[in-house]
Structures are given as C-alpha cells and as structure tokens.
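> quick one, what's the 3D model for this:
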Amino acid sequence: MTARHAVVLLAVCAWACDSGANTLGGSLSTFHDLGFATVRARLYSSELAMEYVRENQEVALRVSLRRSAVEPESGLVADLATQGDVTGSTQRTPLPPLTAGTLRLARFEAREGASVRGHFDARFEAGLTEVGLHGDFDMPLTIVHSPGSSP
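Numbering: from 1, shown residues only. A predicted model of the protein is given here:
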C-alpha cells in the first residue's frame, strides 16, 4: 500500500466514523421505537440532557445527568442510576424503569455550540427480564438559561 492509499483509507474511515456519531441500539428496540430525526444537547442549571427527537418533536430518548450529583466535564464516567436518568416514550408509552447505566463524556465544554461527544449504556426492568440500550452522541451544546438569569 502506498502512502497516498493509506491517506485516502484514513480519510474514508474518519468520514465513516463521523457520519454515524448519533446512534441508538439494543434489545430495548424490540418494544420501544428507537427511531429519531435529530439530536440535541442542552445544558440547564440543573442538568445536562442529550435528546434523540423524532420528526413529530416527541423525545424518543433523553439521557440526563444531574448537576447536583456531578458536574459534566470531558473524561467523566457517571452512574446513570444514581447521578442521572434515561427516559423517553413511544406513542406516550414511557420506557420501563432504569436499573443500571453508565454515561461517558469523551468531550464536553460548557460553551454554546461546543461539541458534546460520548457514549452510554443502560439496562431496564421489563417485566421478568432486563433489556439493554446503548448509544453514541456527538452534537453541539445549547445552553438554556433559567428565566430571570443573565446569559
């Protein structure tokens, strides 16, 4: 392989990795629609939330991290069961109860438009069984100011 071929191969691999940065998957999909049209990351005074949103604006899935439990930062690994949550609904039917989960923030900066990149894994109690969910995200951050607070 020539150096030129290696450069082209690396460029194609980098493009392919970036094109699928926002994903959802897992056994939860057997009864919960994981389809989404857009993604958004929002930093509130109380939490950081990554949302996978359908075309009809229904939030298919929301992964959140409570700032009272831990402050988001690059490299953070958080326990979603104690420091955050995973919620969502399909046709107004909510997700089953979260039993365990981990959120990893590979990139985070509390700045408007900054890239929020990471991965999460979650487990849910669905009757007598447990189902899983995992996802990757890479999206620009929107800072949502509380009413009456200065930007």
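> what bridges to the residue most central in space within the chain?
Using CA atoms, centre = their mean, the residue of the chain that lies closest to the mean C-alpha position is residue 50, 4.5 Å off. Beta bridges link residue 50 to residue 41, residue 63 when assigned by DSSP bridges.
> ok, it - contacts?
39-41, 62-64, 116, 118, 120, 137, 139 (CB atoms under 8 Å, 6 or more residues apart in numbering). In this view, the C-beta of every residue, glycine as well, is placed from N, C-alpha and C.
> mind doing that once more with 7 Å?
For residue 50, the contact set (CB atoms under 7 Å, 6 or more residues apart in numbering) comprises 39, 41, 63, 116, 137.
> and for residue 48?
64-65, 67, 72.
> repeat for residue 34
Taking CB under 7 Å, 6+ apart, we find residue 34 in contact with 24, 60-61.
> next one: residue 119
104, 136.
> ok but it is inside a strand, no?
Yes - per DSSP: H, G, I helix; E, B strand; the rest coil, residue 119 lies within a strand segment.
> still on that earlier bit, can I get the contacts of residue 48 in a markdown table with secondary structure, neighbour count and pLDDT?
Converted to a markdown table, those look like this (DSSP: H, G, I helix; E, B strand; the rest coil; neighbours: other CB atoms under 10 Å; pLDDT from 0 to 100):
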| residue | secondary structure | neighbour count | pLDDT |
| --- | --- | --- | --- |
| 64 | strand | 20 | 98 |
| 65 | strand | 24 | 98 |
| 67 | coil | 16 | 97 |
| 72 | coil | 21 | 97 |
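> specify which member of those residues is nearest to residue 84.
For those, the minimum distance to residue 84 (CB to CB) is 4.2 Å, reached by residue 65.
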